[in-house]
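[1] Pasting a predicted model and its sequence here:
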Amino acid sequence: MKIKILTTLALLVGSSVSMAECAVPDAPTLPQGASSTMEDMIAGQTTVKKFQAANIAYMGCLEKAFNEAEAAAKEGTDEEKAAATAVYDKAVNDYNNAVSKEEEVAGQFNTEIREYKAANPS
């Protein structure tokens, strides 16, 4: 029984540590489409792509954390299950927020592209 409890605790602590190691990427500063040059817009696109790559890595890290917490929540005492469930809930919430942030950045960049095209018809 002690081995089972220790294993559950190790998984739970591992999930917490894994989540702590997940680095939230900063949302990029986007160019103002109406007043930007083509070079500014291309640089903005590069920044958005870098953000998206960092965000995908962040979400992968969170996915690992919530998978580990989910497994830990199936074993152990009620306290251990509750702690694992809390880690799981936080990781899933952070993951969903990361998806929303990426959609927001992409949507805003698309708006800036439309504004650039309106200001620079050709």
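    Alright, I've got the coordinates.
[2] so which strand or helix has G76?
    Using DSSP states H and E, G76 sits within no helix or strand.
[3] Next one, pLDDT for it please.
    You'll see G76 listed with a pLDDT of 84.
[4] ok, how many other residues are close to it?
    20 (other C-beta atoms under 10 Å). Glycine gets a C-beta too; all of them are placed from N, C-alpha and C.
[5] Could you do S100 as well?
    Residues lying near S100 (other C-beta under 10 Å) number 10.
[6] likewise the one 3 residues further on?
    When neighbours are counted by other C-beta under 10 Å, E103 registers 10.
[7] low-scoring stretches of the protein, by residue?
    1-19 (pLDDT under 70).
[8] Which strands or helices does the longest helix anywhere in it pack on?
    As assigned by DSSP state H, the longest helix anywhere in the chain is helix 78-119. Here helix 78-119 touches helix 2-21, helix 38-72, going by 3 or more C-beta pairs under 8 Å, 6 or more residues apart in numbering; DSSP states H and E.
[9] got the angle between the last one and helix 78-119?
    Orientation of helix 38-72 against helix 78-119 (axes from the mean of the first three to the mean of the last three C-alpha atoms, to 10 degrees) gives an angle of 160 degrees.
[10] Mind listing what's buried along helix 38-72?
    By 16 or more other C-beta atoms under 10 Å, the buried positions in helix 38-72 come out as 40-41, 44, 47-48, 51, 55, 58-59, 61-62, 64-66, 68-70, 72.
[11] ok, now stretch 78-96?
    E80, K81, A83, A84, V87, Y88, K90, A91, V92, D94, Y95.
[12] Distance of the fourth one relative to V24?
    Looking back up the chat, that one is A84. 22 Å (C-beta to C-beta, to the nearest Å).
[13] just the second one next, same as before
    K81 sits 27 Å away from V24 when distances are taken as C-beta to C-beta.
[14] what does the fifth one give?
    V87 sits 16 Å away from V24, going by C-beta to C-beta.
[15] now swap in the last one and tell me
    Here the criterion is C-beta to C-beta. By it, Y95 lies 11 Å from V24.
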